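K.L.:
can't give you the sequence, but here's the structure:
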């Protein structure tokens, strides 16, 4: 049995799971599927081909599933898929995919979207992430698990944020941020490792030592007078040969090797894969 306020407008074709509450003046469109035990507050609009899992909480004035802010969008039947146990606060905007990005935007489980955050079209968000007030993800962004994005940050199109990355408040991120790294500034640069995040996500001392070694050799290399300067790819290959057996270091290496947009440079040395 669902608890729907009499002022809510629910299309008869919408599918509402048992135990779901829908508050006053909220609007649910015909292609919406809501799972069990969701708590939809007042004045929420959920439209489009949107599927939402179980036990999510959506606060007032959120806009979920409205057409993407992409001038190339022509009404294609793209989707927005949201997992379970997410918290979506006031005035959050979550938008579906487009033809140019695979037709889907997907969000995992147990994420916190604070007030006024935005997730653009064709973006993939993992689980257990936190997006502080005013953080905005442009289209085609990929966010791993356990990522923290500071308030008023902007993530450029096609950027990837690796697992447990941390983005400082007010950052403008135009290149990839590797797993377990911290970045901040305009344009964002690497400012060390997210050691606390690594520990909270089960990382061992050996993991931290391996990633720290990789960080130093790739992003803060020792300069030997008279010796030829190694490129980013050469430094990465050397690190891979030395510490690539550690699974978390190997994860970082794989992320760096697969970057298409480029990786944020280090704030002190300027070293990055564009050097």
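P.N.:
Perfect, I can see it now. All of these numbers come straight from a predicted model, not from anything done at the bench. Numbers count the residues shown, from 1 in each chain.
K.L.:
CA atoms for contacts and neighbours, from now on please.
P.N.:
OK.
K.L.:
how close does the residue of the chain most remote from its centre sit to residue 239?
P.N.:
Of all residues in the chain, residue 226 sits farthest from the chain's C-alpha centroid, using C-alpha atoms, centre = their mean; the distance is 42.7 Å. When C-alpha to C-alpha, to the nearest Å is the yardstick, residue 226 and residue 239 sit 22 Å from each other.
K.L.:
next: residue 43.
P.N.:
In this view, residue 43 and residue 239 are 53 Å apart by C-alpha to C-alpha.
K.L.:
can you give me the helices in this protein?
P.N.:
195-200, 205-219, 232-243, 247-257 (DSSP state H).
K.L.:
quick check: which of these is nearest to residue 113?
P.N.:
helix 195-200 (18.4 Å; C-alpha to C-alpha).
K.L.:
isn't residue 46 right next to residue 29, touching?
P.N.:
Yes: between residue 46 and residue 29 there is a contact at 6.3 Å, judged by C-alpha atoms under 8 Å.
K.L.:
more neighbours, the two?
P.N.:
Between residue 46 and residue 29, counting by other C-alpha atoms under 10 Å, residue 46 is the more crowded of the two (27 against 20).
K.L.:
show the end-to-end separation of stretch 106-120, please.
P.N.:
End-to-end distance (C-alpha to C-alpha), stretch 106-120: 10 Å.
K.L.:
meant to ask about stretch 242-261
P.N.:
Terminal residues of stretch 242-261 lie 26 Å apart, using C-alpha to C-alpha.
K.L.:
would you mark the buried spots in it?
P.N.:
Neighbour-count burial for stretch 242-261 flags 243, 244, 246, 248, 249, 250, 251, 252, 253, 255, 256, 259 (criterion: 16 or more other C-alpha atoms under 10 Å).
K.L.:
isn't the second one up against residue 252?
P.N.:
No: counting by C-alpha under 8 Å, residue 244 sits too far from residue 252 to count as a contact (9.3 Å).
K.L.:
show the low-confidence segments of this protein, by residue range.
P.N.:
1-2, 273-275 (pLDDT under 70).
K.L.:
domain assignment for it?
P.N.:
The record's domain parsing of the chain by automatic domain parsing lists 3-140, 197-257.
K.L.:
chain center to the last one: distance?
P.N.:
In other words, domain 197-257. Centroid separation for domain 197-257 versus its chain: 23 Å, with C-alpha atoms, centre = their mean, to the nearest Å.
K.L.:
do you know how far the residue nearest to the spatial centre of the chain is from residue 77?
P.N.:
Nearest to the mean C-alpha position of the chain, counting by C-alpha atoms, centre = their mean, stands residue 143 at 3.0 Å. Taking C-alpha to C-alpha as the measure, residue 143 falls 24 Å from residue 77.
K.L.:
tell me, how many residues neighbour residue 269?
P.N.:
11.
K.L.:
just to check, it is in contact with residue 220?
P.N.:
Yes: look at residue 269 against residue 220 with C-alpha under 8 Å: they come within range, at 6.4 Å.
K.L.:
which neighbours do those two share?
P.N.:
Counting by C-alpha atoms under 8 Å, 6 or more residues apart in numbering, no residue touches both residue 269 and residue 220.
K.L.:
distance of residue 213 from residue 207?
P.N.:
Relative to residue 207, and taking C-alpha to C-alpha, residue 213 is found at 10 Å.
K.L.:
that should have said residue 41, apologies.
P.N.:
42 Å.
K.L.:
higher neighbour count, those two?
P.N.:
Counted by other C-alpha under 10 Å, residue 41 and residue 207 do not tie: residue 41 has more neighbours, with 22 against 17.
K.L.:
if anything else comes up later, I'll come back, but that's it for now.
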